[in-house]
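Student: my questions concern the predicted model and sequence given below.
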Amino acid sequence: MTYTNGIAPIVTVRGPGNLHHLSYNSNGGIVNCVGIMPAPVAANATNAVTNFLLGFAYSFTGYAFYWDGAGPAFWRVAGSQFAEPVGTSWSAATGVPWGNQIDLGLNVESEVATAANEDNEVIAYIIPGGLD
């Protein structure tokens with residue numbers, strides 16, 4: 001169960017690109033937060049794999065993300081072997097809101113429009129060595 005007992009989604013990507021992450025629908029009046037986290041690979045390293053752990057805060061009830069790289073991206077819950085493709089834009093994002101109502105192809109453009117930009121400061125962490 002996502003977000004239960006600290007279990008968060010893991011996004012696995014191949015090659016260079018950016019993971020875009022949105023935290024929205026604050027239950028405490030906090031402004032939406034959006035930003036990118038680049039995969040730390042050289043532009044020509046098309047087979048390099050990066051694993052991102054998506055953090056969360058109990059102040060938000062909505063989370064969405066997408067990958068803009070040339071290579072594939074999949075997400076799963078930590079500890080699970082079941083993986084699904086990641087969205088490719090804010091109009092077709094992967095939504096993992098609180099309560100496990102997973103939404104593939106979620107349109108969150110209106111939430112992004114009101115979000116504070118936090119490029120390279122979003123709550124996404126790179127897992128070293130592919131650990132999870």
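Tutor: Done, it's in. Numbers count the residues shown, from 1 in each chain.

Student: can we go C-alpha only for contacts and neighbour counts from here?
Tutor: Fine.

Student: what ranges do the helices span in this protein?
Tutor: Taking DSSP state H as the test, the helices found in the chain are 109-113.

Student: any weak-confidence spans in it?
Tutor: Under the criterion pLDDT under 70, the flagged ranges of the chain are 1-6, 42-44, 98-101, 121-122, 129-132.

Student: 80 instead?
Tutor: Low-confidence regions of the chain, defined here as pLDDT under 80, cover residues 1-8, 41-47, 55-59, 78-80, 97-104, 120-132.

Student: pick out the residue closest to the middle of it.
Tutor: Within the chain, one residue has its C-alpha closest to the average C-alpha position: by CA atoms, centre = their mean, that is residue 65, at 3.9 Å.

Student: let me see the contact set for it.
Tutor: With contact set as CA atoms under 8 Å, 6 or more residues apart in numbering, residue 65 has these partners: 19, 20, 21, 22, 86, 87, 90, 93, 94, 95.

Student: that one bridge partners, please.
Tutor: When bridges are called by DSSP bridges, residue 65 pairs up with residue 21, residue 94.

Student: not counting sequence-adjacent ones, nearest residue to residue 49?
Tutor: With CA to CA, 6 or more residues apart in numbering as the measure, residue 14 is the residue that lies nearest to residue 49, at 4.6 Å, once sequence neighbours are left out.

Student: does the one you found really touch residue 52, like I thought?
Tutor: No. Under the criterion of CA atoms under 8 Å, residue 14 lies out of contact with residue 52, with a separation of 11.3 Å.

Student: number of residues surrounding residue 114?
Tutor: Close neighbours of residue 114, defined as other CA atoms under 10 Å, add up to 13.

Student: do the same with residue 81
Tutor: 7.

Student: distance of it relative to residue 104?
Tutor: Here residue 81 is placed at a distance of 18 Å from residue 104 (CA to CA, to the nearest Å).

Student: what do you get for residue 96?
Tutor: The value you get for residue 96 to residue 104, if CA to CA is used, is 9 Å.
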